[in-house]
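*Asks:* prediction below, plus the sequence it came from.
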Protein chains: 2
Amino acid sequence: MTNNNKLPAPKRDVFGARGRSRATMKDVAALAGVGLSTVSRVVNGDPRVSDAKTAAVLKAIGHLGFRRNDSARQLRVGATQSIGLLIENVVDPFFSHLTQAVENYAFERDTLLLSASSTRDPERARRLVLAFCARRVDGLIVTPVDSTDSGYLQAELDAGIPIVCVDRPAVGIDADTVLSDGRGGAYKGVAHLIAHGHRRIACFTDRGAVYTAQQRVDGYRDALASAGIPYDPALVYSNTPDNEVFGAALRDMLSLDDPPTAIFTGNNRSTIVLLQELAHVENRLALVGFDDFELSDAVVPGVTVVAQDPTEMGKSAAEQLFRRIDGDTGASRMIVLGTTLIARGSGEIVPPAQP
Amino acid sequence: MTNNNKLPAPKRDVFGARGRSRATMKDVAALAGVGLSTVSRVVNGDPRVSDAKTAAVLKAIGHLGFRRNDSARQLRVGATQSIGLLIENVVDPFFSHLTQAVENYAFERDTLLLSASSTRDPERARRLVLAFCARRVDGLIVTPVDSTDSGYLQAELDAGIPIVCVDRPAVGIDADTVLSDGRGGAYKGVAHLIAHGHRRIACFTDRGAVYTAQQRVDGYRDALASAGIPYDPALVYSNTPDNEVFGAALRDMLSLDDPPTAIFTGNNRSTIVLLQELAHVENRLALVGFDDFELSDAVVPGVTVVAQDPTEMGKSAAEQLFRRIDGDTGASRMIVLGTTLIARGSGEIVPPAQP
DNA sequence: ATGAAAGCGCTAACAT
DNA sequence: ATGTTAGCGCTTTCAT
């Protein structure tokens, strides 16, 4: 009984349309003159298929340009081999490094990444994450939108989709979390400035509603307190980093009777913005920034920073997520990553001698 | 002959496992006491369902924490509402901006993004892209790995998956492509230097095998030629940007009898590396870089660049891709984006007076 | 070693 | 207005 394959036109091409619908296993089976399950076996490398049939199947596959439909497979098997990653913004180096680490980990695990940026928009975040869940991702790594309730995710968690939060905790759900020790890091940075003789230290951070900004202001206050330096609200400015407003705030502070001699910035963008504004100002202020950035050592002097490790954060989050995917059902964990002070010059400027 | 199926524990919750398997429409239908299709209608907002049943279904849905399985839906419907994006490296600002633009466009179109970085590894790129295809993405945006054949994608193209290449053309397939006018941009940058009196202009670019690097060297040569300046190979260095090797190459050039008075860098990373190396050198060289970067105006003097528009590139690629997804079946297109010279100081330094 | 058939969760005719 | 049924493309018993 030989197969009477006529090979051509396996798929009636609808008029004009580009190569529409693909060949399926059924097509391959028909062309190779074997059963559907034999094709499946060959495709999945099941060894117990005769060489002859294997060859026939392979030939048909090549002929038809068959490629297994993994969506169908996954529907049947139950796991999608994909995870969802929601960050704040891909363009932010902190998040792109984190993404890179997750990408690499996922690649090792043969898992694809659905990724998106919330742009801090709660509704966008919600739609995106729920869309991930509807695709039945095997797990989720999420940067929650600040001062927003993530309670709607509890149902997903309950349904068995593991979630790990990065960079900040989520409110409303009990999920694994990995973040940097922002408070401790800020303490370290400000203490460094104090050790160099500063007592008037300004603090520029993101909006007060931002969790990480809060943490860092707390660390700033801790450092002042433990050095016995009074906290002066006039020296603290919190807002979405922007040359306009940060520049104005800086000039205001500099016109105080007792102006700051040093600045601590609470994040990446703030540091960069201030760096630019500082160029237009004659005072020579010391500067320590939270979070490292690419050209921190290309400017003169280099910018002293308290570095986070976004790569480690991504890796750690991915590890924890896959631990869950692999079945770990223990209590939720909070993983806090340390920070590193990197002295490059700007943080070692001493205050001008008092007149 | 009826099938005597004993429904062998279809939902056996494995001991201890977290909330396994989710409720399906069938479950919802059973609980609400309605037919399967009524549930489907409600879920899909079909208006012709009685209020009573709609309410019952909604109640059951809330009760069960039901969320439609979009993978199953897509298998049935035939489109996945997802596209694949393969770039070189998320951490590179050029690519992260491009990604951001694609993300935004996809979000508008209710499409999810499977994204990954090739890290210039052809095998990794291949695995990733084919995995995307196996997931039956609706389309693909790809940065091909340089000097690599993408012919294996022709089958996917034929199967009806539209592909648009970004930043460089793919070899081996006939796909839409969007890229920057690297040659013209480089010409513009080098001509700028020449206009400021330079005749000894060094050129630092990525490895010669990199398409974009080639283009930019060509533009560099064009500019020299049209100014009647001889091309001197000793002034051109192509390699993977790195402080070590670029620094050494720079020092070599500066010890020539007739050293360069200006530098043209062929990409982002080269510019940054050279900026850092230039800090350790006494000659005051002019510098024009191809591709803008974040702190280009934070250093003194600001770095003059020939800017690309990665956001526009991403948007343009997404537009073209969705045009195809929407059925455009015309001949493949090549879209070339212009560049902009941004003078910030470093490119306007004039050569020292000849002795 | 191989094939037939059931079914993953959903949509879309096709009944009623 | 609502339910029944037949698949989408695949894996996986279960026979043979």
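*Replies:* The structure has been received and is ready for your questions.
*Asks:* I'd say residue A:260 and residue A:285 touch.
*Replies:* Yes. Here residue A:260 reaches residue A:285: they are 6.8 Å apart, a contact under CB atoms under 8 Å. For every residue, glycine as well, the C-beta is placed using N, CA and C.
*Asks:* show me where chain A has its helices.
*Replies:* All helices of chain A, identified by DSSP state H, fall at A:25-32, A:36-43, A:51-64, A:70-77, A:93-108, A:122-134, A:154-158, A:182-195, A:211-226, A:243-254, A:268-278, A:310-325.
*Asks:* okay if I get these as TSV plus mean pLDDT and mean neighbour count?
*Replies:* Below are those laid out as TSV (pLDDT from 0 to 100; neighbours: other CB atoms under 10 Å in any protein chain shown):
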stretch	mean pLDDT	mean neighbour count
helix A:25-32	94	20
helix A:36-43	95	18
helix A:51-64	94	17
helix A:70-77	93	16
helix A:93-108	98	22
helix A:122-134	97	19
helix A:154-158	92	18
helix A:182-195	98	23
helix A:211-226	97	21
helix A:243-254	96	16
helix A:268-278	92	22
helix A:310-325	98	22
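*Asks:* JSON lines for those, including distance to chain B?
*Replies:* Below are the helices of chain A laid out as JSON lines (distance: least, CB to the nearest CB, whole Å):
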{"stretch": "helix A:25-32", "distance to chain B": "12"}
{"stretch": "helix A:36-43", "distance to chain B": "11"}
{"stretch": "helix A:51-64", "distance to chain B": "10"}
{"stretch": "helix A:70-77", "distance to chain B": "4"}
{"stretch": "helix A:93-108", "distance to chain B": "5"}
{"stretch": "helix A:122-134", "distance to chain B": "4"}
{"stretch": "helix A:154-158", "distance to chain B": "4"}
{"stretch": "helix A:182-195", "distance to chain B": "20"}
{"stretch": "helix A:211-226", "distance to chain B": "20"}
{"stretch": "helix A:243-254", "distance to chain B": "10"}
{"stretch": "helix A:268-278", "distance to chain B": "5"}
{"stretch": "helix A:310-325", "distance to chain B": "8"}
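*Asks:* care to break chain A down by domain?
*Replies:* If you go by automatic domain parsing, the domain ranges for chain A are A:25-69, A:80-180+A:311-337, A:182-309+A:341-348.
*Asks:* which residues touch residue A:90?
*Replies:* Residue A:90 makes contacts with A:96, A:99, A:115, A:117, B:90, B:96, B:99-100, B:103, as judged by CB atoms under 8 Å, 6 or more residues apart in numbering or on different chains.
*Asks:* of those, closest to DNA strand C?
*Replies:* Relative to DNA strand C, the closest of the contacts of residue A:90 is residue A:115; by CB to the nearest atom of the strand it sits at 23.7 Å.
*Asks:* thinking again about what came up before, quick one: which of the domains of chain A is nearest residue B:329?
*Replies:* In terms of CB to CB, the element of the domains of chain A nearest to residue B:329 is domain A:25-69, at 18.7 Å.
*Asks:* how about that closest one against DNA strand C, any contact?
*Replies:* Yes. Legend: contact between domain A:25-69 and DNA strand C by CB under 7 Å from any atom of the strand is shown at A:33-38, A:41, A:48-50, A:52-54.
*Asks:* report the two of those residues separated the most.
*Replies:* Pairwise over those, using CB to CB, the maximum falls at A:33 and A:48, 18.7 Å.
*Asks:* more neighbours: the two, which one.
*Replies:* Neighbours were counted for residue A:33 and for residue A:48 using other CB atoms under 10 Å in any protein chain shown; residue A:33 has more, 16 against 5.
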